[in-house]
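S.K.: Any chance you can model this:
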Amino acid sequence: MEDSKRGKLIALITGIFSILIGLLYLIIIILLDFRGPILPPPPEALIEVVTPFLCFFVMAL
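M.R.: Sure thing, here's the model as predicted:
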């Protein structure tokens, strides 16, 4: 009988913990959604990323 009560208690604690994680995730998503739409980076930012990659690729040849 003791093991049955302990199992139920662990299940209850685990369930509450998972619900809290789900609610925390939902709150974070709602807060992030209020920031507005995601905008692409400006073209200047993409040049800085592509340039080192191209330099590495040209050096490898």
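
S.K.: Against residue 27, how distant is residue 34?
M.R.: 11 Å (C-beta to C-beta, to the nearest Å). For glycine as for every other residue, the C-beta is placed from the backbone atoms N, C-alpha and C.

S.K.: Of the two, give the one with the bigger neighbour count.
M.R.: residue 27 (10 against 6; other C-beta atoms under 10 Å).

S.K.: show me what contacts that one?
M.R.: Neighbour list for residue 27: empty [criterion: C-beta atoms under 8 Å, 6 or more residues apart in numbering].

S.K.: Renumber starting at 42 from here on
M.R.: Will do, 42 is the new start, and the previous item becomes residue 68.

S.K.: so it is in which element?
M.R.: In the assignment (DSSP states H and E), residue 68 maps to helix 43-74.

S.K.: and if you look at residue 85?
M.R.: Applying DSSP H and E as the criterion places residue 85 in helix 84-101.

S.K.: Residue 76 now?
M.R.: For residue 76, there is no enclosing helix or strand under DSSP H and E.

S.K.: Check the gap between it and residue 63 for me.
M.R.: Distance of residue 76 to residue 63, given as C-beta to C-beta: 21 Å.

S.K.: what bits of this protein have low per-residue confidence?
M.R.: Scanning the chain for pLDDT under 70 picks out the ranges 42, 86-102.

S.K.: let's see 80
M.R.: 42-43, 82-102 (pLDDT under 80).

S.K.: Residue 74: neighbouring residues, count only.
M.R.: Residue 74 has 9 neighbours, counted by other C-beta under 10 Å.

S.K.: Please apply the same query to residue 62.
M.R.: By other C-beta under 10 Å, the residues close to residue 62 number 10.

S.K.: Over to residue 77: give its phi and psi.
M.R.: Here is the backbone geometry of residue 77 (degrees, to the nearest 10): phi 110, psi -180.

S.K.: what number of residues lie near it?
M.R.: Neighbour count for residue 77, taken as other C-beta under 10 Å: 6.

S.K.: Repeat that for residue 76.
M.R.: 7.

S.K.: what do you get for residue 58?
M.R.: For residue 58, the count of nearby residues is 10 (other C-beta under 10 Å).

S.K.: Look up how far residue 73 lies from it.
M.R.: 23 Å.
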